[in-house]
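[1] return a 3D structure for these sequence lines:
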Amino acid sequence: MPPKNQFDQPHIKTVVEPFRIRSVEPITFTTPQQRAEYLANAGYNPFLLHADYVLIDLLTDSGTGAMSSRQWAGMIASDESYAGATSFYKFEASVKDITGFKHVIPTHQGRAAEHILFANTVKKGKVVPSNTHFDTTRANIETTGGEARDLVIAEGRQPQTIHPFKGNIDLDALRHTIETVGVENIPFVMLTVTNNSGGGQPVSMANIRAASELAHSYGLPFILDACRFAENSWFIHLREEGYADKTPIEIAREMFSYADGCTMSAKKDGMANIGGFLALNDDNLALTCRNMLILTEGFPTYGGMAGYDLEAVAIGLYEALDPDYLRYRIRTIEYLGEKLTAAGIPIVRPTGGHALYLDARAMLPHIPVEQYPAWSLNNALYLVGGVRGVEIGSVMFGMQPDGTEKPSAMDLVRLAFPRRVYTQSHVDYLAEILIAINDQKDRVTGHRIVWQAPTLRHFTVRLEPVE
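    Below is the predicted model of the structure:
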C-alpha cells in the first residue's frame, strides 16, 4: 500500500493556459444578417472587415498577441532617446545572446528587414532558394527582379501525409538549383522556421545543419527567416532524436549557429505588437544595410521602433522560449486539430505551431481551383461564426510576376492564433463552427476576382460570389 497523502499523478488532458488574465477586452457578437452585409461591403475580402465586426480574429498571429506584465513594466521604464537609448542596448543584448550574430539592425517589422536585405543583395535574374517563401518575402524578392524559388520536400505539399518535419528543404533540389542556376546568381540560401506557407510545419535541426553545410560548400551565405524560431525549437525538442533533454533556448542557439544571419518579425516569437530586426555576421553587408536603415527606417539604435517597443521585444524573445508557454501554445493547436480530424474535416497534418490549416480543396471538392476554394471557405467561416482566418492559396500566391495566373500548390485556410489571447472555450466554439460548415459544405460557393492590385493582391483584392 502506498503511504497516505502520496498520489499517483493522473494524466490530465485539459489544456491549461500558463498565465492568469488581469485585463479583458470586450468582443462584439453579430447576427448572420449583419455579417453578410459587412462581408459584401468589404468586397468579400476579410482583410477589409472592421475588426470590431469579428468575434474571433485568427487572421494573423503577427503583432496580435497579449504582452506580459514584465513587458509592460519594461515599456514604462523605456528610454526614448533618439540615439544611443539604453532600451536599444537591452534589445541588442537579447538578440545577440539568443542568435549569436555580430550585427543587430532594428526595424519596425519583419518585412522592413526583408526589404533592406534583399535591396542590397538581390538583383534582376537572381534566385533565392528556400523551403517556402511567405508572401512579403516573395514580394520583396520579386520587386527587385529576383526569383523566390520554393524547394520544400514533397511531403510538405501533401496535407494529409504525416511527417515530423514537413518544413524541411529538399536538399537534392537545393543542390540541383545551385548547380543549374550558378553560384554567381544566388545571393544566399534562405530557410523559413517554421514553414508558414506550408502549414506552420517545423524544420529539423539535421535539415538546418545540412542546408547550411551545402550552402557553405558552394561559398553561399545561409540566412534564416526566424519569425517563429521558438516554436521550431520546441518541435525539435519534441520530435528530433537527441534533443529531448535540451531546452528551447539551447536548441535556438544551435539553430542560429549554422546561419550567417536572419530576418525576424518580432511580432511573432518576439511576443510584441510591433518590431523586428535584421541580424548579420558580414561586416560589409551590415554596413550597407545599416546605411539603408538610416535612409528608410531610422537611426541605427531605434530603426523605426520606439524605446518601449525595444524593451518589449528584449523581454519577449525570452518569454517565447519558455517551455511552459511553448507546451501550451503547441498543444492548443494540436487539441483543435484532434477535434476536427475526429469530425472528418481535412487539415494539414500533423498540426503545426502558430496555426491550424484547413485543406480547402479536400473539404470543398465541388469548388474549382479557379474559383478559390480556400478563400470561399474562409468567407463561410466568417458568415457562419464571425471568425476571421486567412487564405493561403491561389489568391495569395496565384498571380505570377508576369501577371499570369497559376494555381498554388495547395489551397489552405490558416487559422493563426494570437499569443496568450484566446482560451479553450474559444477553441471549442471554433471547432463547433467548422463542424457546422462541414455538415453543409455543399452550400459554400466559389468566388471570382473583380479588382486586384498588381502586388500582394490578397490584402486589398475585391471579389464576388459565383452563383
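[2] so which residue is dead centre in this structure?
    residue 196 (4.6 Å; C-alpha atoms, centre = their mean).
[3] quick one: that one and residue 227 touch, right?
    Yes - Residue 196 is within contact range of residue 227, at 7.3 Å (criterion: C-beta atoms under 8 Å). The C-beta positions use only the backbone N, C-alpha and C, and glycine is treated the same way.
[4] quick one: buried residues of the lengthiest helix in the chain?
    Ranked by number of residues, the top helix in the chain under DSSP state H is helix 323-342. Of the residues in helix 323-342, 325-330, 332-333, 335-337, 339-340 count as buried by neighbour count, 16 or more other C-beta atoms under 10 Å.
[5] which is the next helix or strand following it?
    strand 355-359 (DSSP states H and E).
[6] got the CA positions of the helix or strand that that next one is followed by in CSV?
    Once the chain leaves strand 355-359, the next helix or strand it forms, by DSSP H and E, is helix 360-363. Output of helix 360-363 as CSV, limited to C-alpha atoms (Å, rounded to 0.1, in the frame of the first residue of the first chain):
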residue,chain,number,x,y,z
ALA,A,360,-10.0,23.6,-48.6
ARG,A,361,-9.5,21.6,-51.8
ALA,A,362,-10.2,18.4,-49.9
MET,A,363,-13.1,19.8,-47.9
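[7] name the residues of helix 360-363 that are buried.
    Those would be 360-361, 363, for helix 360-363 by 16+ other C-beta under 10 Å.
[8] what is that helix packed up against?
    helix 373-385 (3 or more C-beta pairs under 8 Å, 6 or more residues apart in numbering; DSSP states H and E).
[9] can you name every helix or strand that the helix it packs on contacts?
    helix 32-41, helix 360-363, strand 387-388, strand 390-392, helix 394-397, strand 412-416, helix 424-439, strand 447-451.
[10] verify the contact between residue 111 and residue 136 for me.
    Yes - under the criterion of C-beta under 8 Å, residue 111 makes contact with residue 136 at 4.2 Å.
[11] so residue 292 touches residue 120, yeah?
    Yes - using C-beta under 8 Å, residue 292 is in contact with residue 120, at 6.4 Å.
[12] output the below-cut-off pLDDT ranges for the stretch 1-150 of the chain.
    1-2 (pLDDT under 70).
[13] where along it do the strands fall?
    Applying DSSP state E, counting those that start in this stretch to the stretch 1-150 of the chain gives strands spanning 56-57, 103-107, 127-130, 147-150.
[14] so which of those is the most packed in?
    Between the strands of the stretch 1-150 of the chain, strand 103-107 has the highest mean count of neighbours, a mean of 25, where neighbours are mean count of other C-beta atoms under 10 Å.
[15] can you pull the domain assignment for the protein?
    For the chain, automatic domain parsing gives the domain ranges 32-61+323-465, 69-319.
[16] including distance to residue 7, could these go into JSON lines?
    Listed next are these as JSON lines, based on distance: least, C-beta to C-beta, whole Å:
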{"stretch": "domain 32-61+323-465", "distance to residue 7": "22"}
{"stretch": "domain 69-319", "distance to residue 7": "26"}
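[17] residues touching residue 435, list them.
    The contact partners of residue 435, by C-beta atoms under 8 Å, 6 or more residues apart in numbering, come to 340, 343, 345.
[18] and the strands of the stretch 1-150 of the chain: which comes nearest residue 427?
    strand 56-57 (9.2 Å; C-beta to C-beta).
[19] what's the end-to-end length of stretch 59-77?
    Distance across stretch 59-77, first residue to last, is 32 Å (C-alpha to C-alpha, to the nearest Å).
[20] run the chain-centre distance for that stretch.
    Here stretch 59-77 is found 17 Å from its chain centre; the criterion is C-alpha atoms, centre = their mean, to the nearest Å.
[21] in it, which residues are buried?
    Neighbour-count burial for stretch 59-77 flags 59-68, 71, 74-75 (criterion: 16+ other C-beta under 10 Å).
[22] may I ask which two of these are separated the most?
    Longest span within those, C-beta to C-beta: 59 and 74, 27.4 Å.
[23] name the surrounding residues that touch stretch 287-295.
    With contact meaning C-beta under 8 Å, 6+ apart, stretch 287-295 is reached by 103, 105-107, 116-117, 119-120, 278, 280, 300, 303.
[24] picking up where we left off before, tell me which of the buried residues of helix 323-342 is nearest to residue 416?
    For the buried residues of helix 323-342, the nearest to residue 416 is residue 333 (9.7 Å; C-beta to C-beta).
[25] confirm for me that the closest one is in contact with residue 351.
    Yes - counting by C-beta under 8 Å, residue 333 touches residue 351, with 4.8 Å between them.
[26] between those two, what contacts are shared?
    residue 200.
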